[in-house]
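Visitor: Return atomic coordinates for the entry below.
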Amino acid sequence: PLEWYLKKHTIQLNWTLIGNICENDLECWGSQGKRQVSEQPFSFPQICPLQLQHGDKLLMSADETLKTYGIRVFNVSREDFESCTTNAELKNQFVFPHNTNESEHVEAKWITPGHHYFIALREGDSQLCKLGLRLNVSVKTQLCRASPLLRLCSGNGVCRTDFYEGTYHCRCNHRYFGRFCERFDACLDNPCQNKGICLSNGSTDPNNRTYKCLCPPHFTVNCSEIIGEGNCHTICEDGTCVQLSPVSFKCICASGFS
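Guide: Numbering: from 1, shown residues only. This next block holds a predicted model:
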């Protein structure tokens, strides 16, 4: 999911060469999102990449064919992920101390925030890996609230990510802004008429979300009312001046004029 969920999930990954392999970077991730310039696209078979939230649990298993044949899963560098190589003697790269069989939890140390790369080999042979038994896992945190006691994005937006982003960020609802959508911009709806300039105080206080209009001469109240009947007749070229208060008027335009 591209939107942050509060309840942690358990994700099941089945090592298989049947039905879950993408052949290149575009097929794996799609065309959406902006890639970091430093990242080069993958152009080789791999298991469809996983995107996890920090705190999710990951289970790994092997299909019946690979279970019978026997594979070991290794945590490797990006370079070894691309080349399907590893030092099979380095036990600190073993995800499990045995061949991958039934569904088993991946230790938390292998799925900390960031990118993680896994490959599956049989007795050091890279053939299965090059056919697609390699997995790119992205583990992301969220930067959507200043404190765990607060609502995500202050309740004024959604906490989302894109495939090529490293974390979840707030996408604010209309008229809200700020890192956590905690600020309100009353000027986004352009309340100042007749070319008036709106200045918002950007308040985080819901009871004090005010703005002011810098109005052209002779205008007041959101720049919609004209001060004095004489000014109204001067400004209102093709319409009728209508009194709104003892000192203010409004121009009601003739048909076809605005």
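
Visitor: how close does T100 sit to M60?
Guide: Per CB to CB, to the nearest Å, T100 is found 6 Å from M60. All C-beta atoms are positioned from the backbone trio N, CA, C, and that covers glycine.

Visitor: Return every residue with contacts to both of those two.
Guide: W15, V73 (CB atoms under 8 Å, 6 or more residues apart in numbering).

Visitor: So for Y117, what's the nearest residue that isn't a sequence neighbour?
Guide: Using CB to CB, 6 or more residues apart in numbering and skipping residues adjacent in sequence, the residue nearest Y117 is F81, 3.6 Å away.

Visitor: try H169
Guide: Leaving aside its chain neighbours, H169 sits nearest to L143 (5.8 Å; criterion: CB to CB, 6+ apart).

Visitor: cool, and Y5?
Guide: Q53 (7.1 Å).

Visitor: Then N194?
Guide: Spatial nearest neighbour of N194, chain neighbours left out: C223 (4.6 Å); criterion: CB to CB, 6+ apart.

Visitor: wait, the one you found sits on G196?
Guide: Yes - taking CB atoms under 8 Å as the definition, C223 is a contact partner of G196 at 3.2 Å.

Visitor: tell me, what's touching these two both at once?
Guide: Shared contacts of C223 and G196 (CB under 8 Å, 6+ apart): C213, C215, P216.

Visitor: Show me what the helix or strand harbouring F74 is packed against.
Guide: Following DSSP states H and E, one finds F74 within strand 72-76. Here strand 72-76 touches strand 114-121, going by 3 or more CB pairs under 8 Å, 6 or more residues apart in numbering; DSSP states H and E.

Visitor: Can you spell out which helices and strands pack onto the next helix or strand after the strand it packs on?
Guide: Downstream of strand 114-121, the first helix or strand assigned by DSSP H and E is helix 127-131. Secondary-structure packing of helix 127-131 (3+ CB pairs under 8 Å, 6+ apart): strand 114-121.

Visitor: Just the mean pLDDT for the strand it packs on, thanks.
Guide: Computed over strand 114-121, the mean pLDDT rounds to 94.

Visitor: The shared contacts of C223 and G196, buried ones only, as a PyMOL selection?
Guide: To isolate the buried ones among the shared contacts of C223 and G196 in PyMOL, judged by 16 or more other CB atoms under 10 Å, type:
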select buried, resi 213+215
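
Visitor: Can you give me the neighbour number for S77?
Guide: 12 (other CB atoms under 10 Å).

Visitor: I'd like to know how far the closest residue in space to it that isn't next to it in sequence sits from T210.
Guide: Leaving out its chain neighbours, the residue that sits closest to S77 by CB to CB, 6+ apart is Y117, at 6.7 Å. Applying CB to CB, the value for Y117 to T210 is 52 Å.

Visitor: who has more neighbours, the two?
Guide: Higher neighbour count among Y117 and T210: Y117, with 18 against 13, using other CB under 10 Å.

Visitor: how about the nearest residue to W4 once chain neighbours are set aside, what does it touch?
Guide: Closest residue to W4 apart from its sequence neighbours, by CB to CB, 6+ apart: C159 at 3.9 Å. Going by CB under 8 Å, 6+ apart, C159 touches E3, W4, Q142, C144, L152, C153, Y168, H169, C170, R171.

Visitor: Many thanks, I have nothing further to ask.
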